[in-house]
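Q: curious how this folds, go ahead:
(chains A, B, C and D)
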There are 2 protein chains.
Amino acid sequence: MVARFIVKVILTIVKTILTKPWQLPIMPPMVIKQHQSQKTRHRKKQSESDHRAAFKLSTREKIIEAATTVFSDFPYYAASIRMVGKEANIDHPLINYYFPTKALLFEEVLRQVIGEYYQAHLEWFDGLFELGPEQGLSLYIDRLLEFSKSHPNALRIILLNLVQAEGSDIIPGYTLIREFFKKTMQTFIEAIPLKGSVSDIQKLTTSFNTLAINFLGANTYHASILGMTPHSKEYLRWVKDSMMFMILPRLKQIIG
Amino acid sequence: MVARFIVKVILTIVKTILTKPWQLPIMPPMVIKQHQSQKTRHRKKQSESDHRAAFKLSTREKIIEAATTVFSDFPYYAASIRMVGKEANIDHPLINYYFPTKALLFEEVLRQVIGEYYQAHLEWFDGLFELGPEQGLSLYIDRLLEFSKSHPNALRIILLNLVQAEGSDIIPGYTLIREFFKKTMQTFIEAIPLKGSVSDIQKLTTSFNTLAINFLGANTYHASILGMTPHSKEYLRWVKDSMMFMILPRLKQIIG
DNA sequence: AAAAAGGTTTAACGAACGTTAAAAATTTTA
DNA sequence: TAAAATTTTTAACGTTCGTTAAACCTTTTT
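A: Purely as a prediction, here's the structure:
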């Protein structure tokens, strides 16, 4: 009796799980890591029939896009699946069809957004060191600003979920943010021809990242303090001037 | 035989699945709109009888203290009245007796915490300019670190609620934060004997504040990236070193 | 054309939320 | 000490939350 009940419950669970096309690694943005426990069945179908892919992806992508917007407006626990559904013009349970839990959706958005940022960031170093510290930094910041104009969400999402309660539970995907920062810092350290100590480079890059995240992620805030409009050229110029002003002296010293 | 094998496999799968932290949104939902109809009854009572204030405040203060803790762990919409009640060992509706709405409680906490910070901040300038830029800045940062050790909440609360959605409703008391920053910046400008342009001082103080807020308000985050403990002397030393490192060159230039 | 599978919508669940109202307990006033 | 006022507790309300189940289309497979 009891055994039969238990088996039934288990079967239900398994069936439910196997039914849903969870993680479908569609167009991995930068692929920090992908889930490995997925069913080949779905993947096969997807790669087999490409004429359907366009439509299929459309819903999933609509969700991710909307989620990116919502999660860049509200911290994790304040954002809701229903907001995402509304933003995507979709019935909200459909989101659970593609992403069984809110945590998984958030992680996917985070992974994607951070991946884009990281990949772009790598390219910002191209042809920088021939320019010397001043023009090199200037170009780097220009590229950063340009990216932040077309991808205003990454820095906001990170900043929104950066502070965590000490005692309580940590946000899903929090390690993604940490790893991202570590890797970014590492890139700097490896990319900059050393003349200063590693710890000095660490201080500089941490400060750079912190200022960038705050000035661009909390642009509404800083701009309003300065009496400017968040997206105005005036404010972007102030951001660049400020970052040049703060970073350049020590950068010169480090590069020599 | 086969059945037993299948059951075993299923159990393994289920166990694996149940181990994963998908589910269970541990945290609360949000309420966007705020009610504006509050009862004058309560406010009148509060201000009328002052001789009972000592005892009354004891409950009231317990609430504010608990609320300060909660609001420094969770952003406004993620924090809840019930958390505060639990933290204060109080039935949560009692909170509504002293603070008719969550917004009013938050504003009070914000006002108090920001007030403490601002007042302390004014005293940090005492006897600074005889020391010159380097030792002066050092002493100022020491005072800041000391304050942040005894009042770890102010910077966290500010940082937690700093980013705001552009389109959506603004957090109650948001203007308090903005005004606080403006005033802080003004203090700097008036206190520092000018040799540089006002706009340079503005850049410097904004950067200083931003770094301080992030390093001290998101200490868990930054410390973990550096492989340190948030409250360790090692991390506090890193914060001081970093801020000296970043601020000093331009400060010297401005003061001359 | 029928069956199967995939995708979407509808309805509902249990839990947590802010807030309110009224009862109960406590303190103050008379 | 009795009455009045204040404080605290209990119970409940209406919402919103994440998630689930089942019905309902739509597409694909057989």
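
Q: near DNA strand C, which residues of the stretch 101-250 of chain A show up?
A: Within reach of DNA strand C by CB under 7 Å from any atom of the strand, the stretch 101-250 of chain A has no residues at all. In short, each C-beta sits where N, CA and C put it, glycine included.

Q: any low-confidence regions in the stretch 101-250 of chain A?
A: The model of the stretch 101-250 of chain A has pLDDT under 70 over residues A:165-169.

Q: quick one: the helices in it?
A: Here the stretch 101-250 of chain A has its helices, by DSSP state H, counting those that start in this stretch, at A:102-123, A:132-150, A:154-160, A:174-191, A:198-217, A:219-226, A:233-255.

Q: list the helices and strands the third one packs on?
A: Right, helix A:154-160. helix A:53-71, helix A:102-123, helix A:198-217 (3 or more CB pairs under 8 Å, 6 or more residues apart in numbering or on different chains; DSSP states H and E).

Q: how about the ones you listed in CSV, adding distance to residue B:157 and mean neighbour count?
A: Listed next are those as CSV, based on distance: least, CB to CB, whole Å; neighbours: other CB atoms under 10 Å in any protein chain shown:
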stretch, distance to residue B:157, mean neighbour count
helix A:53-71, 21, 18
helix A:102-123, 23, 20
helix A:198-217, 16, 21
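
Q: now for the helices of the stretch 101-250 of chain A, which one comes closest to DNA strand D?
A: Closest of the helices of the stretch 101-250 of chain A to DNA strand D is helix A:102-123, at 3.6 Å (criterion: CB to the nearest atom of the strand).

Q: just want the angle from the closest one to helix A:132-150.
A: Orientation check (axes from the mean of the first three to the mean of the last three CA atoms, to 10 degrees): helix A:102-123 against helix A:132-150 gives 140 degrees.

Q: check whether helix A:102-123 comes into contact with chain B.
A: Yes. On the criterion CB under 8 Å from any CB of the partner chain, helix A:102-123 is in touch with chain B at A:102, A:103, A:104.

Q: tell me the one of these nearest residue A:185?
A: Nearest to residue A:185 among those: residue A:103, at 26.5 Å, using CB to CB.

Q: which residue is the nearest non-sequential neighbour of that closest one?
A: Nearest non-adjacent residue to residue A:103, counting by CB to CB, 6 or more residues apart in numbering or on different chains: residue A:172, 3.8 Å away.

Q: quick one, phi/psi of that neighbour?
A: For residue A:172, the backbone dihedrals are phi -60, psi 140 (criterion: degrees, to the nearest 10).

Q: same check on residue A:229?
A: phi -100, psi 140.

Q: for residue A:76, see how far away it is.
A: As for residue A:229, its distance to residue A:76 is 28 Å (criterion: CB to CB, to the nearest Å).

Q: more neighbours: these two, which one.
A: residue A:76 (21 against 13; other CB atoms under 10 Å in any protein chain shown).

Q: surely the more buried one meets residue A:177?
A: No. Taking CB atoms under 8 Å as the definition, residue A:76 is not a contact partner of residue A:177, at 11.3 Å.

Q: so what sits against both of the two?
A: residue A:161 (CB atoms under 8 Å, 6 or more residues apart in numbering or on different chains).

Q: need the contact list for residue A:94.
A: Residue A:94 touches A:59, A:63, A:85, counting by CB under 8 Å, 6+ apart.

Q: quick one: which helix or strand includes it?
A: Assigned by DSSP states H and E, residue A:94 belongs to helix A:93-98.

Q: quick one: mean pLDDT over that helix.
A: Confidence over helix A:93-98 (mean pLDDT, whole number) is 97.

Q: how many neighbours does residue A:148 have?
A: 23.

Q: wait, it touches residue A:155, no?
A: Yes. Residue A:148 sits in contact with residue A:155 when judged by CB under 8 Å, with a separation of 6.3 Å.

Q: overlap in contacts, these two.
A: Common neighbours of residue A:148 and residue A:155 (CB under 8 Å, 6+ apart) are residue A:216.

Q: quick check: residue A:234 touching residue A:228?
A: Yes. Using CB under 8 Å, residue A:234 is in contact with residue A:228, at 5.2 Å.

Q: which one's more surrounded, those two?
A: For residue A:234 versus residue A:228, the count of surrounding residues by other CB under 10 Å is larger for residue A:228: 17 against 13.
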